[in-house]
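A.B. asks: dropping the sequence and predicted coords here.
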Amino acid sequence: MLSDQAPCRGTPLRARSARAGWAQGVLLAVSLLPAGPSVAPGEDGWEILYTSPNLSNHLVSVECSPGDPTTNCPCSTADVSLVVYADHGEVTANVLRTNVYVNAIGYKPFQDAFPHGDPVKLDVFRYRADLRLPVVPLPSVTQTQNAQSAHLMIQLWDGSNRLWQSNKVALEATLFWTLNPWQTNELGKVFAYTSTTGPLQIVDTGLTLPVDTNWHRLEFVADFAHARFVSARADGVRADLSTVAVARVAHTNWGNELLYQITQESCSTYPNPGYTNIFTWTMQYRNLEFSRLRFRTGWAEAPLGGEQMKLEWPSEPWMKYQVWTSQDLRTWANLSGALVATGLTQDCCVSATNELWMFYRIHVVP
């Protein structure tokens, strides 16, 4: 990690004397003393890998008797559904409304490569989606539409140990919204799963969402290079999850594929021992976005000798960053100690006095 240092001398001038530059997936505000080049704006440091307004082209799978190995009531894909509408998609558990206990898992896999062709690798990802309840859950067995929770997950499966020594263990970053109307002390809370070697454990993020029929926004950031969460948000309120490990879940009967997948899960209420009650649940999803953190920018001309350069970028407040520089994309130098700020905006301050070549390319990494 980079140590703090004193800020740049003088008063920065934001984006003065703009010259043509090259940028990819980043918004860097550049300040130079007295003046110098700036970069063309990108989005916000996140490279969008995939979006979906309505779960079109997503698949659905079934989880039978989740968390209840004693009963183990049989089920099949006929018990779940994924329906696509123009402006949203619906994932339904126990669509046939029978005496079974199932979870419905919508998902979109990315095997070997992401949609734009880049190979999958260990990166920092952000996953966000809008969720809506079709009805408000009620603590009554006569209301058959009752939920347990709704989940969002990024899952990495490396069945042949190409990215890391997984040994048939998946990395699963999961955020879930609790909706069981009988569990009043947890209703509306947002949790994450964690584990390292033992069983899954639940982490309270401190976030909540109202249990109503309005659209709500959930998102989280996870660092798969270090198998840790970074943060979570519920309707724009952010929580620090940087000390929480991403769950490790064994799947000994899975294959040798290498893939990421994002899920949209609908879990209905437990129907009591013997599944005497019938509960079904539909979760509505829209505006999915799956992105990775990617800061890279550069200039057609190097700064003048003696200039001080300050770069600023929006960031995750609980992440540390490194700043690398290069004349081209083949050789990079780590500017140790360049990071000087924390919070929602990060910045670094470097001098062009002796190494002008270093400022043709800037690359910021966690």
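C.D. replies: Sure thing, it's come through.

A.B. asks: which residues touch residue 250?
C.D. replies: Listed by C-beta atoms under 8 Å, 6 or more residues apart in numbering, the contact set of residue 250 reads 168, 169, 170. All C-beta atoms are positioned from the backbone trio N, CA, C, and that covers glycine.

A.B. asks: how about residue 202?
C.D. replies: 191, 192, 193, 194.

A.B. asks: and this protein, what are its domains?
C.D. replies: 21-43+295-365, 48-293 (automatic domain parsing).

A.B. asks: could you give the mean pLDDT of the last one?
C.D. replies: Confidence for domain 48-293, expressed as mean pLDDT, is 95.

A.B. asks: circling back to that earlier point, among the contacts of residue 202, which one lies nearest to residue 159?
C.D. replies: Ranked by distance to residue 159 (C-beta to C-beta), the contacts of residue 202 are led by residue 193 at 21.1 Å.

A.B. asks: count of neighbours near that closest one?
C.D. replies: Using other C-beta atoms under 10 Å, the number of residues around residue 193 comes to 21.

A.B. asks: any idea how far residue 131 is from it?
C.D. replies: Relative to residue 131, residue 193 is positioned 17 Å away (C-beta to C-beta, to the nearest Å).

A.B. asks: who touches residue 332 in this structure?
C.D. replies: Residues near residue 332 by C-beta under 8 Å, 6+ apart: 324, 325, 326, 361, 363.

A.B. asks: by pLDDT, rank those residues and give me the bottom one.
C.D. replies: Across those, the bottom pLDDT score, 69, is held by residue 361.

A.B. asks: quick one on the thing from earlier: show only the entries of the contacts of residue 202 found in strands.
C.D. replies: The strands, defined by DSSP state E, take in 191, 192, 193, 194 from the contacts of residue 202.

A.B. asks: mind checking the SS state of the nearest residue in space to the second one that is not next to it in sequence?
C.D. replies: Read it as residue 192. Of all residues not flanking residue 192 in the chain, residue 203 sits nearest, at 4.6 Å (C-beta to C-beta, 6 or more residues apart in numbering). Secondary structure, DSSP: H, G, I helix; E, B strand; the rest coil: residue 203 is strand.

A.B. asks: the one 10 residues further on now?
C.D. replies: Using three-state DSSP as the criterion, the local structure at residue 213 reads coil.

A.B. asks: next one: phi and psi at it?
C.D. replies: The phi/psi pair for residue 213 (degrees, to the nearest 10) reads phi -100, psi 20.

A.B. asks: run a quick neighbour tally on the nearest residue to it once chain neighbours are set aside.
C.D. replies: Excluding the flanking residues, the one nearest residue 213 by C-beta to C-beta, 6+ apart is residue 133, at 5.5 Å. Residues near residue 133, counting by other C-beta under 10 Å, number 23.

A.B. asks: from residue 192, how far off is residue 221?
C.D. replies: For residue 221, the distance to residue 192 - C-beta to C-beta - is 12 Å.

A.B. asks: who are the packing partners of whichever strand or helix holds residue 107?
C.D. replies: In this structure, residue 107 sits in strand 102-111 according to DSSP states H and E. With contacts taken as 3 or more C-beta pairs under 8 Å, 6 or more residues apart in numbering; DSSP states H and E, strand 102-111 sits against strand 46-52, strand 59-64, strand 80-84, strand 89-93, strand 258-268, strand 281-293.

A.B. asks: okay, those strands in CSV with mean neighbour count next?
C.D. replies: Below are the helices and strands packed on strand 102-111 laid out as CSV (neighbours: other C-beta atoms under 10 Å):
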stretch, mean neighbour count
strand 46-52, 18
strand 59-64, 16
strand 80-84, 19
strand 89-93, 25
strand 258-268, 24
strand 281-293, 22
